[in-house]
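Visitor: pasting a predicted model and its sequence here:
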Amino acid sequence: AVLGQRYLDNTMVVETRWADVTVTDYLEPSPEGITTLVRVLTGSGAARITFAPRPDYANAPFSMETADGCVQVMGTSDPIALHAPGVGFHVVSDGRHATAGAVVDLQGGPVVLTMRCGDTAPFSPDPAAERGRRARVVAQSRGWVQALDIPKVKPSLVARSALVLRAMVHEPTGGVLAAPTT
């Protein structure tokens, strides 16, 4: 059972805790057209990783290939790759869709998963550099919140709302996402 979940103050970095595992998720700033989601698993237990993308609302058949700690989704219009150095994934398919899975023991240190969508260029994230990457995301977010003129009534809730609204804006155009659930 989940023990707790929280956003780090004035950020969109979310931590989910179980008895012996903590999962930290955040979006990393990326070049235009690329989405980078980082997930860090820490703790003293084991964790089961399941990577089961279903592009086009599960209407697009695809396959997966694994090599050097990377799972590549093949046969879709938008490239998707999950980079997880040191993780040995196994792939199963139902003939239409594939799912990659792995079990990791966190006693050996954190496991860093980086999912990139929209990118075909080679990408090999350095797990040791993840703390610095996250620190930059946190500092940028907190700097943005500090620059706001927040009213004195419920300031933490106003800041959280501002962060959520900001996350729904496409920065280059100013367009606002109409349905954040998609």
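Guide: Everything's here; your move. Bear in mind that the values here come from a model prediction, so they are computed numbers and not experimental data.
Visitor: what about the strands in the protein?
Guide: With DSSP state E as the criterion, the chain has strands at 4-7, 14-17, 21-28, 35-43, 46-51, 63-67, 70-74, 80-83, 90-93, 98-105, 111-117, 169-170, 175-176.
Visitor: can you say which of these is nearest to Q146?
Guide: Of all the strands of the chain, it is strand 4-7 that lies closest to Q146, at 16.1 Å by Cβ to Cβ. Placement of C-beta: from N, CA and C, glycine included.
Visitor: buried residues of the closest one, list them for me.
Guide: By 16 or more other Cβ atoms under 10 Å, strand 4-7 has no buried positions at all.
Visitor: rewinding a little: weakest of the strands of the chain in terms of mean pLDDT?
Guide: Lowest mean pLDDT of the strands of the chain: strand 169-170, a mean of 84.
Visitor: now do that one: which elements does it pack against?
Guide: Counting by 3 or more Cβ pairs under 8 Å, 6 or more residues apart in numbering; DSSP states H and E, the packing neighbours recorded for strand 169-170 are strand 175-176.
Visitor: which residues are contacting the strand it packs on?
Guide: Outside of strand 175-176, the residues within contact range by Cβ atoms under 8 Å, 6 or more residues apart in numbering are 165, 168-170.
Visitor: among the residues you listed, which one lies nearest to A52?
Guide: M168 (25.1 Å).
Visitor: quick one: contacts for that closest one?
Guide: By Cβ under 8 Å, 6+ apart, the neighbours of M168 are 176-177, 180.
Visitor: so which of the strands of the chain gets nearest R160?
Guide: Once the strands of the chain are compared by Cβ to Cβ, strand 4-7 is nearest, at 7.1 Å.
Visitor: now for that closest one, which elements pack on it?
Guide: When contacts are defined as 3+ Cβ pairs under 8 Å, 6+ apart, strand 4-7 packs onto strand 14-17.
Visitor: for the strand it packs on, the distance to its chain's centre please.
Guide: Distance, stretch centre to chain centre, for strand 14-17: 12 Å (Cα atoms, centre = their mean, to the nearest Å).
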